[in-house]
Every structure is written in structure tokens, then in C-alpha cells.
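Engineer: no sequence for this one, just the structure:
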């Protein structure tokens, strides 16, 4: 089946909170091992899109496929088990747990203790700063370090797909570069990345493909380079941050 | 030793026992409060239920159970009561406001106290054990074995719980729930299951407290009400959600009460401990030890 | 409870006036329907709980401050009538006024102190203060006579204006008519504070203090207003109670009163006039119906168990209380039934 060409597919998805429908008829295909950006203004429904994929928000109609399997109405725990990790927007760690314990919590649904410890070790090699701070409380880390930790938490399940929501929000420019580099690293490791970003130019730099959401609908889609070159789109939807 | 000093030490020992009682009751309440952010006004009634369970087991006519066997039975029983309360009444309202929490658990408290009144009448009951009668007198201070056991067990439970929440996976995930429940869903921690486990552990500790401490006092239907409030006072004084702080505050309350009751006025000893609590509330609303995140 | 529900079941203006007048007339005529002192005592109890619960709902329902110390103002109000009244040579009315003023002042001070505390800590703190007050009442023997109670509080004597006659109040029916003005005043104050602009300010404070502050409503001032007024009302009620039963005991501020208040207000419908009134009516009449109807009297403990179960069940299954239920039922009836009121 050609379905396996895509790690993730949304077909005509409608979704939202109660009476309010945020996403309207959204169809998205994400190729394996790609970095795909979801762009758009505030309130366009980008975060809702990630939450719907992960299962926190239930779609009212449409279909969500993971590697060709229907996962439309599955709860988050089942999405996790099928290899999708989610890094929510804002601070999403356990501030009173140490860095090490946070990573252990990331591996909560795994039962192989030794494997988990080995993975944490690998992660410390990839993000040396986390290794240095392994016994520090997460709440005491800097913003950039916490963002690295949060991606680390998501990586503990060795996900096939990782959903990242606004990872650079409120970070200093130097750290923004580091975060994007880390996302590329994750992708190089064989993980498909779905990235929601405000900083469209930077996101497009590392992305293979991008979708532009406006008021809950897909307005444009295309290879990242094409979108980045299309001044009209940049101007109209992605211009000012 | 001069008699004044002897009396002083006896008051201190009484205070430590009382503090141990408050600390054990506080521990269970503080645990549920910090993990699921719910103040259970029926918590002291779990202690009452444990005490009556002990009373029933001691007065069984068909068989005479040894105390060492009764201890685990009561612990399991109270853990069970706590889980039933959680499943029936607390889980459905867990996402509501603190007002709903307070009113619902106060309702549970009314039910439990009056049910006990119907079943056991209001007469105070005694639950003597072999240990209450055995008196030891180190350094000339007379103290019952039961009190020594209470103190030792309080410390062991406290240290054990520390180990549990720091070192075990379940303990760590309890702390995770207390710090960021929304994030728990993201990593797959079942918050509902953790709430039940927390209630079971809190209930078990309260059961242990009841089976050890009820023999030192009388058992009566509304004995839990005052205990709930003492535990709440300790939690507020310790800095809401700061379990260690609450335990120190519980011992402080016990000692202050014993000294005030011994030297100034027995009738007003509860007034002084609640007065101290209210004073702390006004002067340091975040508790003596300050607020810390989660467990 | 929601605005929408209230509006959809609201009667037209003339209907409300007619309903209010007929209820007042009913309240006035009620004792004439029976000669049983028992029934009249039940009526007085009902009026008392209505006043008590309305004053509590101002604080807990409208200001959102679930105080577990409300009965303290009732108890101290009663002690004011029993201790201060005779020493100052006050009459029934001035006694009630004194109790109201003193309790309002006490509430103002307590409010300034306690409203710095937020959330559940407020409930815990007020519970602690209530326990202290009760312990003092029980132990300050020289002042309160402790559990022996102060007995022989004078029955009211009223001088009828423009005549020389003095009316000595002793019969239950007289007390009933004396209690009605207090109820009417309470209702007027309650409605004045909770309707219109002021009411919306209260709702804002209850729902979200920070947001209320942001739109220019000072949460502290509204909470203080509610607490002071509520305490004044219940202080006067305590004074009335002292002159009615002529005995004042520490149990006048017991926790059992708090739990009954919680039951009335939360089962009836927190923050709703209709709900609180229905709640007070039900929980005043219910125990007496159980006593009168059953062959054997129901024990107070069993009654409390039943109350507790009702309270927990309402919190779990019907958080809007009876008021919400009434709204839903009437809405459904109106939808289903012929819409006669549309014809002129």
C-alpha cells in the first residue's frame, strides 16, 4: 500500500471545543522522516491541530491515520503507544522533579528500566547540558534548557512522529538557533517532525514542507522552499511575527 | 532529677505523642492535598473509622485476634474505606472548584460521623492493648510502650514515605501529578489511577495511625472532626502542599498543646493551637516554611 | 443558576408582583389555618432558617467566600442579647439593633483579616475561628456559664405606639409575627444586593477575582459588604432567638449549624434566592414531616445521615441544586405545554 509513504495523514478533519469548531475540513499528509511546519497567525488553530492529532481534542468528523492505521478517536495514551510524542506549548515539564526524573517520567509507559536508563544516557550525549544538570530541578533551568528537556521528555518513547508546539516562544535569538538545530538533529535520527511555529522564516529554513492555516482552514501548502520564496504568502500570512 | 524537670519532660513526651498523632493524620491528608489538590474535610473521619474497626476487632466474641494481626487488618480496611470514598464521591467532583470539594467532603463527614453514632452510639469506647498497660521508665520518666511505638512508627512512616516519593516510579509519578497534571496526560500517566493510589496510601497511613493511637484515647463518633482541623492547621502552617513543613507543624502543635495544657489551662489547649494557626495564617499566609512546588 | 436559565423561567413583571403579594399574604395568614402550637413553631423555624440561609448565601453564594464560621455571628448575637442587653437595660428591638451593629463590626474586622486569605485556606481558617469561638463559649464559665447555658433571657415587651399599652410577647404566634418583619427586611436587603449592577459585580468577584479587579470591581469591598450585611442580619436573628427560646448555649454556634446552612444553600441552589428559600423550607419542614408521618420518630443521627447523602448526591449529580432543577422542569413544561401566556 502506498499509505505507508506517509507517517501521518489527516483527512477532512473537523475539530474543536464543544460548540466551537476550530478546525474545518483540514487535510494534511506528512511524509516519513520529513519536517513539516504548520504556520499561521494566532488563533488559526495550529495548537488545536496538534492536540487533535495527539488525541487531547476529539475530532467531530474526518479521519486521522498513523502509518495507514486509523487512530481518529484514540485517547492520548493510545497515540503515545503508537509512537507519537507531543511537546505542548509553554512550560511543559515537572518543575519540582530533577532533570533525570523528568526524563524517567517521559518514559512512564515503558517497562524496560535498563533500556530507559540507556536512552537517557544517549540523550545526555546529545544534549550535554541536560547531562550536566541531571540532578537539578527542572524549574530551576533556563528557558532554553527547559525547552531542550521538554523535547528530551518527548524523545524518551523513541517516537516515530513528534509534534512540537511553539518551541521557541519567548526564547532569546541564540537559543532559537539551538532549538532549531536540535529539531534537525531529532529529524536526522529518523523521527518525523510536525512543527507549529510563529517564526515562519526560521521554521521554513529547516522544513521540507509546510501548511498555512487561516481561521481553521488550510490556505496554502507546498514545499518549504517554495513557500519561503512566495512573497505574497509571506506578506499576507506570515509577515509580521 | 528534680520533680519540676520530670514533669516538664513528661509534658514534652506527651506533646511528642500528640504530635505523632497529628503528624500521621496530617501525612495522609497532605498527601492527597498535594497530589490531587483536594482538601478532604472527611479525612479525620477515616481515623475514626479505623478506630472503630479496631474496637470491633478487639471485642469480637468468636475469636481473639492478636494485636500484631489486627494492625495490618485495620490498615487495609482504612485504605479500602478511603478508596471507596474516592471512587464514589470524590472522583466525580475532582475537576470542580475548591468550594465543591469542601462542601462535598463536609457532606461525607456528616454521613460518616452520624452513621458511627447510629451504629456505636455516642458512648466513648476504650481500645486497650497489651502495650498501653506496659509502662517503661527510662531516666525515671514513666511512659507507656504504646507511646514509644507511636513515636517510632511516626518517624519510620515519615522516612519511608520520603523514600517512596523520591525513589519509586509510583512515588515519582505522584509528584508529577501534583506538579503538572496536564503534562501527565502527555507522557501517559493516568491521573485518575494516581488519585486512587494516593487515597489508598493516605488511608493506609491513617489506618496505621488509628490502630496505634486509638488505644491511648477514647473512641467516639465525632473524634475525627477536631483531628481533621488540626491536620488542616498543620498543613496551612507548614505551607500548603509542603508535606515536610506540615509534619513539623503537626509536632509543633502537639508540643504547644501539651505544654499549654500542662502549665496554663487544659480547657483552652485547643484554643491555643487554633489561635497559633490563625496567627500564622495572618502573619505568614504561605506558612512558616514557605511554599514549595508539589510534594 | 446561569443567567440564561434565570431569564427563561422569569415571570412577567406583574406576575412577579402578584406572586410576591400572595406569598406575603400567605405568610401572614398561615398561622390562622392552624391552632397547633407545634405547627406554628415549625413556621418560626422555617422563617429562622430562611433568614439564616439568605444571609449565609450573601457571603458564600454571592461573594464566593465559603465561610464555615457564619454561625459565630448568630451565637455571639444571642450572647449579646443575653449578657449585654440586661446590663444596658435594652429592650427587645434595641437589643436586636445592638447585636446587628456589633456583629457587622465584628464581621468587618474579621473580613479585613480573613479576606487576605484565598481559596480553601479561607474555609479552613474560618472553621478554625469558629472552633475557637465555640471553645471559648464552652469554657468561659464566668461569662457564658458554659454548657450550663444562660437561662431566663427576658421575653420581648413591646410598647405600642401612641398608646400606653405594653405587649408582653409569650405566645408562639406572636413570635411568628415578630419574626416576619425580620424576614421581609432580609429578603429586601438580599434582593437589593444581588440584583442589577451590584449583583453582577458580585458574580464577577465570585467567578474570577483577578478579572473583577481588572474591570474596576474591588473584590475586597464587595466581599466585605456581603459579609458585614450577612453578619448584621444573622446577629439580629441570634438576638431574636435568645428572646424566643430564652436560653443561650454554646451550641448556638456549633458546626451542626454550619452543615445545615451548607445543606440548605447548596441543595437549594447556591446564589439563587428561589433556591435558598426552597432549601430552607424543605429542610425545616422535612424533619417534622418525617416525625409526624412516621409511626416512630426519626433519630437526629439518621436524619443527619439522610441530609449528608442528599448533599453529596446533589454536589455530584446536580451541582445547580433544586433551583436549577426547577428551571429545567419549567422550561420543559413550557416547551411541551400549550403556550397560553402568549395570548393577550
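Structural biologist: Right, received. Where do you want to start? In this text the structure is predicted, and so the values were computed from the model without any measurement. Residues are numbered from 1 along each chain as shown, chains lettered A, B, ... in the order given.
Engineer: Spell out which parts of chain A neighbour chain B.
Structural biologist: A:54, A:56, A:76-77, A:80-81, A:86, A:88, A:92-97, A:101, A:104-106, A:108-109, A:139, A:153 (CB under 8 Å from any CB of the partner chain). For glycine as for every other residue, the C-beta is placed from the backbone atoms N, C-alpha and C.
Engineer: Just the buried ones from those residues, in ChimeraX syntax?
Structural biologist: Command for ChimeraX, covering only those of those found buried under the criterion 16 or more other CB atoms under 10 Å in any protein chain shown:
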select /A:54,56,76,77,80,86,88,92,93,94,95,96,97,101,104,105,106,108,153
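Engineer: count of residues packed around residue C:90?
Structural biologist: Other residues near residue C:90 come to 19 when the count uses other CB atoms under 10 Å in any protein chain shown.
Engineer: now residue C:101
Structural biologist: 14.
Engineer: surely it meets residue C:231?
Structural biologist: No - judged on CB atoms under 8 Å, residue C:101 makes no contact with residue C:231 at a distance of 10.3 Å.
Engineer: and whichever residue of the stretch 51-200 of chain B sits closest to chain A, what does it touch?
Structural biologist: Proximity of the stretch 51-200 of chain B to chain A (CB to the nearest CB) peaks at residue B:188, 4.2 Å away. Applying CB atoms under 8 Å, 6 or more residues apart in numbering or on different chains to residue B:188 gives the contacts A:76-77, A:80-81, A:108-109.
Engineer: one more time with 7 Å, if that's ok
Structural biologist: A:77, A:80, A:108-109 (CB atoms under 7 Å, 6 or more residues apart in numbering or on different chains).
Engineer: what's the nearest residue to it if we skip its chain neighbours?
Structural biologist: Once flanking residues are discounted, residue B:188 sits nearest to residue A:109: 4.2 Å by CB to CB, 6 or more residues apart in numbering or on different chains.
Engineer: secondary structure class for the one you found?
Structural biologist: coil (DSSP: H, G, I helix; E, B strand; the rest coil).
Engineer: who's residue A:35 bridged to?
Structural biologist: residue A:193 (DSSP bridges).
Engineer: Do I have it right that it meets residue A:197?
Structural biologist: No - counting by CB atoms under 7 Å, residue A:35 stays clear of residue A:197, with 10.6 Å between them.
Engineer: neighbour-wise, which of these two wins?
Structural biologist: A direct count of neighbours by other CB under 10 Å for residue A:35 and residue A:197 places residue A:197 higher, at 29 against 25.
Engineer: which residues touch the more buried one?
Structural biologist: So, once contact is read as CB under 7 Å, 6+ apart, residue A:197 ends up touching A:37, A:39, A:166, A:168, A:203.
Engineer: could those go into a markdown table alongside distance to residue A:122, neighbour count and pLDDT?
Structural biologist: Formatted as a markdown table, the contacts of residue A:197 follow (distance: CB to CB, whole Å; neighbours: other CB atoms under 10 Å in any protein chain shown; pLDDT from 0 to 100):
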| residue | distance to residue A:122 | neighbour count | pLDDT |
| --- | --- | --- | --- |
| A:37 | 27 | 27 | 94 |
| A:39 | 32 | 29 | 91 |
| A:166 | 26 | 20 | 92 |
| A:168 | 24 | 24 | 89 |
| A:203 | 26 | 25 | 90 |
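Engineer: Tabulate those residues in JSON lines, adding columns for secondary structure.
Structural biologist: Shown next, in JSON lines, are those (three-state DSSP):
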{"residue": "A:37", "secondary structure": "strand"}
{"residue": "A:39", "secondary structure": "strand"}
{"residue": "A:166", "secondary structure": "coil"}
{"residue": "A:168", "secondary structure": "coil"}
{"residue": "A:203", "secondary structure": "helix"}
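Engineer: Let me know the closest of the residues you listed to chain B.
Structural biologist: Of the contacts of residue A:197, the one sitting nearest to chain B (CB to the nearest CB) turns out to be residue A:166, at 14.6 Å.
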